[in-house]
Structures are given as structure tokens and as C-alpha cells.
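**Student:** Could you look at this predicted model? Sequence included:
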2 protein chains.
Amino acid sequence: MRQSATDRPPTMADVARVAGVSHQTVSRVLSGHPNVRKATRAGVQRAIDELGYRRNSAARALATRRTRTLGVIAVNTTFHGPASTLSGLEGAAREQGYLVSAVSLRTVDKEALTQAMTHLATWGVEGVVVITSQRQAVDALAELRTPFPVVTVEGGHSLALPGVALDQYLGARLVTEHLLAVGHETVWHVAGPQDWLEAEARTAGWRAALEDAGAPVPPSLAGDWSPLSGFRIGQQLAGRAGRRSGPDPRLSAVFVANDQMALGVLRALGEAGVRTPADVAVAGFDDIPEAEFFPPPLTTVRQDFGAIGRASIRLLIDRIEERALRDTHLTVAPQLIVRASTARPLA
Amino acid sequence: MRQSATDRPPTMADVARVAGVSHQTVSRVLSGHPNVRKATRAGVQRAIDELGYRRNSAARALATRRTRTLGVIAVNTTFHGPASTLSGLEGAAREQGYLVSAVSLRTVDKEALTQAMTHLATWGVEGVVVITSQRQAVDALAELRTPFPVVTVEGGHSLALPGVALDQYLGARLVTEHLLAVGHETVWHVAGPQDWLEAEARTAGWRAALEDAGAPVPPSLAGDWSPLSGFRIGQQLAGRAGRRSGPDPRLSAVFVANDQMALGVLRALGEAGVRTPADVAVAGFDDIPEAEFFPPPLTTVRQDFGAIGRASIRLLIDRIEERALRDTHLTVAPQLIVRASTARPLA
DNA sequence: TGGAGAAGTGTGAGCGCTAACACAGCTGAA
DNA sequence: TTCAGCTGTGTTAGCGCTCACACTTCTCCA
């Protein structure tokens, strides 16, 4: 990579001069146009290598009106789920020759969302993936008019916007049915915040499984996804473990809406002397890397975050490139992972 | 936001026409130039709002030769550390009016690194942050010639490249000293992979603390950061808990190089009937959100990943904007978080 | 009252690329 | 031999902005 005389990076014109052709021919070589003689192509390539030439993306974007840049807006990318989705998404986009820029928000209200969209729009993104499950964000999104396509992840399928989601409902059913199958009379539920669509779907799946099995439906308690909230709820639950308290059914199994809260629940139960799974079986959702080493190893539902990310990019690029719009809503299948925390109680 | 007659987005010329000024005046208003009459400014602003005009970033980049885009290359952004750093970094960059694009790599060998750099360079990034601690990546980086500044995160300070790092050495010393202070004869160590600079620094800090205290230095065992590797090593450790086996000192305290492995160690000890902290105290590093709810809550070293991310952006933008280069290497202070896993053994 | 200098605005060129078209040279069927 | 229709290449005109400079209008002091 030789530096040119001035310290400006070489332009297409420089390459053309060295190769003894017009800049247009250089352009043709770069974009793989067929009508270029083999010898010419080789000569241009040599000049490119010699000068260390690289196409200027700004000029290209200006001329083509295409930036080949995608935006992502996510709630809290420090968590395992969004971070993994983001990672899968980025890889898929890069493979397709797109650049992806992520904006990580603390809260997704209408204002923050609009601001993030504006930020991305300023940079001329051609499409945006919004990873969020909070109802208010999804509602705000539905109202937003953008000059480019938007795809949601975990935004629910009721929306006019295309989206990808794990089948949360099915996942919740699978765990609940598993717990019933190993002999529990019913299954309690520690829910996620109910303004999250994900949490709502998991609760719905749990309830449906119980009702279908004719099992009593205990009250469900909602946390905020954090281990601490799980711990607090776990303390309440510990009090009624094994006992039939008032009108509520016996507590011998709990389906917790995510693994982090499940960790809190496990800890609270443990502190109260309630054994898992002997006294109370516990299951989670997400299959974070730590889940396998929880005390005890946690039965949970695995989400293929990478697949979700890749699917969202497919949906988005379909729209941008105006291909046949095969799908508007993709669902990724959950996978039940059974571990010691729900081992069959001694009969 | 009105759509213009053609379906092209409005240009500066359109705004100028509506406002009855020249495009240059519009440009001045947009970039906050002082020499514009108040009334003119207001008129232009009105036209901008009316048309829903937005500056075209490609044209701007072409004219100014500045893309205001930064790149990030990271190893595995699905983990808590890199994901949090990335998040802090993105926020700081956005505040400064930069767009950030992250490339998440599986492995960081020279080839992958070069490819990622090329990808980012093609998009005209003005600088890159590389988040990695693997020696081979750092070495490859040192050899790489790029037309823009590069800043490392956790890349070690020996490098010619500017960088930000947590004081891993100090963090390790703090935990080790804490364990000695609560009465342990010595502290064992489960290390991270030794081709990681972070792991190496933690090991060095641990060793130094022991030597300074005149404590015997037990052999250290290296894992790969995963809970599973911690579990395997924990099983070996469980065998020698409390006993003095051969020439090695008694095992009553372990400093594990990260929280995930610590979880594995805790589990292995638990399975073997070794109590924590009564028989063996355990400490980790990172303070992941789950650590507080481990069985038992884990003493660990908190890394302020957000601060690290922000500092790296400061360093990078300093270089890009050619400000006074105040610093080349920033160190972020670790914080010891003492929890139940190292509670003072009953004397 | 004049004119120096500041404040406010407009003009033209050019950033580096692609798209559209023009055109030369070659092939091969009428 | 002719010319329609390819292949291969060059020419020109933007894409939508900023920069440098030119110009007009004010302000204020001699």
C-alpha cells in the first residue's frame, strides 16, 4: 500500500491514470461488470493493489443513493439476550455487505425512540431493526413514520410492522407441561413485567397449559427480570412451599419467566431451607450460559438468539431490496432444556 | 413532515427555495454559524420543519472528508463485559455526534482482524476501538497499518497503541489481600487462559499479593473463562479442600479469575460437600449481575465497563480531532465487592 | 459625511463516485 | 460488401453538500 504524493487517499481517477484507462473502467472492474476485457481488468487490479486504493463510500452513497447501512435500536444490550441477538444480526448483515450501527437505549419511550430514529436517519440508514418487547415502545413504533423499513424483534405479531419473535407462548407451554408431566399438581409462575409482550406471552402459555391439563391456576407474581426481584418473590414463595395456604393450590413447582429471576428464586428458597427440586421444582427461560451451573442446574427454555438476529436481517433486507416479500412475521422455535432443577420428585 | 412532490427527500436547495435564501444560508443555519440574522434563521428553520428536511450525510461526508463514524471490533459481544463496554462506548460516541458500528468476531487472529479492519475502512470510519485482551490479537494489531487512529481496550499498556484498561493487577491484589486479611493462610488461584493479558495481569496481582504477605504460592490452574471449565477445576480443587496434599499448602480460599468460572467452582465444591465459605472461601472477578445471587453471594471485583467504554471514546476522539493528546493510556480503578462467599471463617 | 470594518448573504467550484449515453471496433448474417 | 448488433471503452452530467471567496448592507467613529 503505497502512499500517494499528497497525503490524500488515492481516488478512482488516480487508479485510472496508473492503469491507463478511464475512471469508468475502474468503476466497472470494482463492481464486477462483465463487459471488461480480461487484460484490462488485470491491469486495473494491479493499479488498485499498487496504490492501495479503496472506494470512497460517501461518494458512492451519494451517487447511488444507497448507504448500505442498517440501524439497530435495542433496550439494554448489556443483557445476554439482546447482546446475542445483536451479534447474530451484525454477522448476517456484514455477510450481505451492510454495515450495522446499534443504538443502545436505557428506556424505550416514545421520545427516546424518536430521537434514536432521528440519529440513525441522519446517517442515512436504509432500514432499522428495533429489539424491544415493551408495549409502550411497540405502540410508539406503530405511530412513527419513517422513510425506511422497520423490523421488530420480539415486538409481537399483532403489529403492522414485520417482525421476528421466539414462540414465547409455546416455550412457556413446554416448561409447564414438563412440570405437570413429572407429577406436579400444578405450577406456580413468577412473571416478567406485564408491560413486556414477551412476559405476557409466557404467562399466557403457562396459563393455557394449566387450563388444558385441568390443573388449578395459582396467582402469578411479577418481577422486573432482575435477580433481585426474583429473590424477593422467592422469599414470599418460600413461605408457602409445600403447604396449601388458603384457597391457593399447593406450591411444588415454579416456572420463572427468565433465568436471572430464577437464580434469585433459587437463592431465596435455599435460604429458607426449601430444597430444589426435592421440595420445589424450578424452571426458567432463556438458557443463559450460567444456567447450567445454577444450584441446581436449571431446566429452562433455550432461545436461539443468533437465529433470531439473522432472521430479522433477512426480513429487513428483503424489504430494502424489494425482493418478493416472502414473510412478514417469522417465529423461531424454542427448545426445552431439562436439567436437575425439575428432576422428578421421589414418588 | 410533508413529502415533496417527487418522492425524493428534500434537499438543501429545496429548503433554500422555500425560505427564499441561498443554499449556503441554509447550510449556515444547520451548522449553527453565528453570522445569520435572527429572522433569516427562523425562516430557514420553518422551511426545514415544513419540508421535513434532513441533511444528507453522504454528501456532507464527501464534501468535508469526515464521516463522523467510528468502528469497534470486539471478540465476543454476547458476554457481559464486552457488551457493557460497547454500550458505554456507543452512548459516549453518540453524545459527541458520532455513529458507531461494531463488528463482533468469534476469534481474533490476524486474518479476522485485518478483514474486520478492511470492512470498517471501506465504510470510511475515522477511528477504531479494538476490545480484546488476547495476546495474538494485540500483537497482530501492533503490526497493522491503518489510515486512522486505533485505540485498544484491555489490550495492555505496553503497546505503542493508546488504550484503556481496568487495573487488573490491582483488582487481583485487592481480592487476594482481602482473603489473607480474613485469616486464610494462603489463596489458591483459578486463572483465565494465559494468552489473555487480562488473565495474566490477574494472576500476577494474585502472586504479588501472596509474596508480599510471605504466604506460600500454590500452583494455579487455568480455565477458559467458561462456567464449565470452572466446574472441572473445581472438582480437582474439591479433592484437596482443607487437606494439605503433598507439598502444596492447605486449600481454604480460592480466587477465581472471573465470575462465570467461579460459579462452576462453587457448584463443584457444593457437589463434593465442601461448604462455602465455611470450608473454602471463593472470590471472583467482574461482578456480573448474577454474582450477588450466587450460592453464596460472590465476593468479586467490580469493573466499571461503562467508564471503560467512555474513556476509550475520549481517547479516540482526542486523536481524531487532533486535540492536545492528554493521555495515551488510561487506567480505570477496580472496586472490591465483599459478599458472603468470603465471610470470615469462624475463628 | 465618509469610509473602514464587521455582519450578513450569495456564487461557483469541487468532493469522488455512478448512470446514462456515445462511440469505436469487431463479428457474422443478408 | 454492408450494416445490424454485439463488446469494450470513454465522456459528461449530476448526486447534495461545504469551502473559499465575492459581494452587499449595515454600524460606528473620525
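**Tutor:** Great, that's in hand.
**Student:** From the chain's centroid, how far away is stretch A:241-259?
**Tutor:** Its chain's average C-alpha position is 30 Å from that of stretch A:241-259, according to C-alpha atoms, centre = their mean, to the nearest Å.
**Student:** Just the endpoints, please. Distance across that stretch?
**Tutor:** Length of stretch A:241-259, first residue to last, C-alpha to C-alpha, to the nearest Å: 20 Å.
**Student:** That one and chain B, any residue contact?
**Tutor:** No: on the criterion C-beta under 8 Å from any C-beta of the partner chain, stretch A:241-259 is out of touch with chain B, staying 8.7 Å away. Placement of C-beta: from N, CA and C, glycine included.
**Student:** list the buried ones in that stretch?
**Tutor:** Within stretch A:241-259, the residues that count as buried by 16 or more other C-beta atoms under 10 Å in any protein chain shown are A:241, A:249-259.
**Student:** and if you look at stretch A:233-243?
**Tutor:** A:233-235, A:237-238, A:240-241.
**Student:** again with stretch A:93-106
**Tutor:** A:93-94, A:98-105.
**Student:** Check the gap between the residue most central in space within chain A and residue A:164 for me.
**Tutor:** Of all residues in chain A, the one closest to the mean position by C-alpha atoms, centre = their mean is residue A:85, 3.6 Å from it. Between residue A:85 and residue A:164 the distance, using C-beta to C-beta, to the nearest Å, works out to 9 Å.
**Student:** for whatever helix or strand residue A:266 lives in, packing partners?
**Tutor:** Assigned by DSSP states H and E, residue A:266 falls within helix A:259-271. Secondary-structure packing of helix A:259-271 (3 or more C-beta pairs under 8 Å, 6 or more residues apart in numbering or on different chains; DSSP states H and E): strand A:188-191, helix A:227-239, strand A:253-256, strand A:281-283.
**Student:** what does chain A put close to DNA strand C?
**Tutor:** A:8-9, A:11-13, A:23-24, A:27, A:30-31, A:53, A:55-56, A:59-60, A:62-64 (C-beta under 7 Å from any atom of the strand).
**Student:** ranges for the helices of chain A?
**Tutor:** Per DSSP state H, chain A carries helices over the ranges A:12-19, A:23-30, A:38-51, A:57-64, A:80-95, A:110-122, A:135-143, A:168-181, A:197-213, A:227-239, A:259-271, A:305-320.
**Student:** Same list, these, but as JSON lines with distance to residue A:188 and mean pLDDT please.
**Tutor:** What follows is those, written out as JSON lines (distance: least, C-beta to C-beta, whole Å; pLDDT from 0 to 100):
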{"stretch": "helix A:12-19", "distance to residue A:188": "67", "mean pLDDT": "94"}
{"stretch": "helix A:23-30", "distance to residue A:188": "62", "mean pLDDT": "94"}
{"stretch": "helix A:38-51", "distance to residue A:188": "66", "mean pLDDT": "94"}
{"stretch": "helix A:57-64", "distance to residue A:188": "55", "mean pLDDT": "95"}
{"stretch": "helix A:80-95", "distance to residue A:188": "23", "mean pLDDT": "94"}
{"stretch": "helix A:110-122", "distance to residue A:188": "35", "mean pLDDT": "91"}
{"stretch": "helix A:135-143", "distance to residue A:188": "24", "mean pLDDT": "89"}
{"stretch": "helix A:168-181", "distance to residue A:188": "10", "mean pLDDT": "98"}
{"stretch": "helix A:197-213", "distance to residue A:188": "9", "mean pLDDT": "97"}
{"stretch": "helix A:227-239", "distance to residue A:188": "7", "mean pLDDT": "95"}
{"stretch": "helix A:259-271", "distance to residue A:188": "10", "mean pLDDT": "96"}
{"stretch": "helix A:305-320", "distance to residue A:188": "27", "mean pLDDT": "95"}
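**Student:** who wins for proximity to residue B:294 among those?
**Tutor:** The closest of these to residue B:294 is helix A:259-271. By C-beta to C-beta, the value is 7.9 Å.
**Student:** could you give the angle of the closest one to helix B:259-271?
**Tutor:** Calculated by axes from the mean of the first three to the mean of the last three C-alpha atoms, to 10 degrees, helix A:259-271 forms an angle of 30 degrees with helix B:259-271.
**Student:** what's near enough to touch residue A:230?
**Tutor:** If a contact means C-beta atoms under 8 Å, 6 or more residues apart in numbering or on different chains, then residue A:230 has A:190, A:223, A:256, A:260-265, A:268, B:293 as its contacts.
**Student:** typed the wrong thing, it's residue A:286
**Tutor:** A:80-81, A:258-260, A:300-303.
**Student:** now residue A:30
**Tutor:** A:48, A:55.
**Student:** Mind listing the residues bridging to residue A:69?
**Tutor:** Residue A:69 forms beta bridges with residue A:99, as assigned by DSSP bridges.
**Student:** try residue A:256
**Tutor:** Going by DSSP bridges, residue A:256 forms beta bridges with residue A:190.
**Student:** Distance check, it against residue B:285.
**Tutor:** Counting by C-beta to C-beta, the gap from residue A:256 to residue B:285 is 27 Å.
**Student:** and if you look at residue A:113?
**Tutor:** Relative to residue B:285, and taking C-beta to C-beta, residue A:113 is found at 36 Å.
**Student:** again with residue A:293
**Tutor:** For residue A:293, the distance to residue B:285 - C-beta to C-beta - is 17 Å.
**Student:** what about these two, which has more around it?
**Tutor:** Legend: neighbour count by other C-beta atoms under 10 Å in any protein chain shown for residue A:293 and residue B:285, higher for residue B:285 (30 against 26).
**Student:** got a pLDDT number for the more buried one?
**Tutor:** We have a pLDDT of 98 for residue B:285.
**Student:** how about the buried residues of stretch A:233-243 in JSON lines, adding distance to residue B:332?
**Tutor:** Below are the buried residues of stretch A:233-243 laid out as JSON lines (distance: C-beta to C-beta, whole Å):
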{"residue": "A:233", "distance to residue B:332": "35"}
{"residue": "A:234", "distance to residue B:332": "34"}
{"residue": "A:235", "distance to residue B:332": "35"}
{"residue": "A:237", "distance to residue B:332": "39"}
{"residue": "A:238", "distance to residue B:332": "39"}
{"residue": "A:240", "distance to residue B:332": "45"}
{"residue": "A:241", "distance to residue B:332": "43"}
